[in-house]
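S.K.: The following comprises the amino acid sequence and a computationally predicted model.
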Amino acid sequence: MKLFSIGKVYLNENKEKEKVVDINPLPENYCSFDCVFCSLGRTKVKTDKSFDFKEIEGLLHRLEEILKKENIDIVFINPDGDILAQSKILDVIKLIKKYNVKVKTISNGYLFNRHEYKNILNNCDEIIGELAVTNEEHFQKIQRPLKGYTLEKYISNMVSLY
């Protein structure tokens with residue numbers, strides 16, 4: 001995916017054959033982890049903060065055009081990094097919901113305990129979190145989180161969303 005991209009509409013391979021479009025609301029890999037297995041490569045901006053990207057307005061405009069023209073069932077917010085690094089992600093979700101379309105997203109899950117993020121994520125229909133390791137040594141070595149992050153807190157944060 002290119003930065004602030006919208007993919008081609010495709011049919012989900014489930015029995016409902018839903019029409020899906022993937023979007024990326026980040027300019028590059030912004031994440032609180034730098035996982036050795038990340039398909040994006042090394043994290044460009046290792047952070048747990050949200051950022052204002054002026055280019056998001058263009059993505060919102062292009063997305064609305066697609067939502068008006070196509071009969072989309074699901075928008076999969078599939079970011080280059082963590083969805084929560086995009087300060088306007090709630091605007092993206094609200095736009096999608098305006099057209100009665102389901103929102104699916106993916107996040108590493110470490111920030112799920114923060115009140116402001118819970119409110120955002122509770123607007124999604126499906127959230128994919130990921131737990132890749134089961135002990136602290138491997139968490140630090142393989143997921144390479146921000147300093148001070150622990151596996152115990154990671155699990156607790158993910159559980160707190162639900």
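M.R.: Perfect, thanks for sending it.
S.K.: CA only for contacts and neighbour counts going forward, please
M.R.: Noted.
S.K.: what's the burial count for residue 56?
M.R.: Applying other Cα atoms under 10 Å, we find 23 residues neighbouring residue 56.
S.K.: what about the closest residue to residue 47 other than its chain neighbours, neighbour count?
M.R.: Using Cα to Cα, 6 or more residues apart in numbering and skipping the chain neighbours, the partner closest in space to residue 47 is residue 32 (4.7 Å). Residue 32 has 25 neighbours, counted by other Cα under 10 Å.
S.K.: got the contact list for residue 32?
M.R.: By Cα atoms under 8 Å, 6 or more residues apart in numbering, the residues touching residue 32 are 46, 47, 48, 82, 110, 145, 146.
S.K.: the strands in this structure, which residues?
M.R.: 10-11, 19-23, 30-31, 45-46, 74-77, 102-106, 126-128 (DSSP state E).
S.K.: nearest to residue 63, of those?
M.R.: Relative to residue 63, the nearest member of the strands of the chain by Cα to Cα is strand 19-23, separated by 8.4 Å.
S.K.: ok and the closest one relative to strand 102-106, angle-wise?
M.R.: 40 degrees (axes from the mean of the first three to the mean of the last three Cα atoms, to 10 degrees).
S.K.: which other helices and strands contact strand 19-23?
M.R.: With contacts taken as 3 or more Cα pairs under 8 Å, 6 or more residues apart in numbering; DSSP states H and E, strand 19-23 sits against strand 10-11, strand 74-77.
S.K.: okay if I get those strands as a markdown table plus mean pLDDT?
M.R.: Listed next are the helices and strands packed on strand 19-23 as a markdown table, based on pLDDT from 0 to 100:
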| stretch | mean pLDDT |
| --- | --- |
| strand 10-11 | 92 |
| strand 74-77 | 97 |
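S.K.: Going by distance to residue 20, which of the contacts of residue 32 wins?
M.R.: For the contacts of residue 32, the nearest to residue 20 is residue 82 (20.1 Å; Cα to Cα).
S.K.: how many other residues sit next to residue 4?
M.R.: Residue 4, neighbours per other Cα under 10 Å, totals 20.
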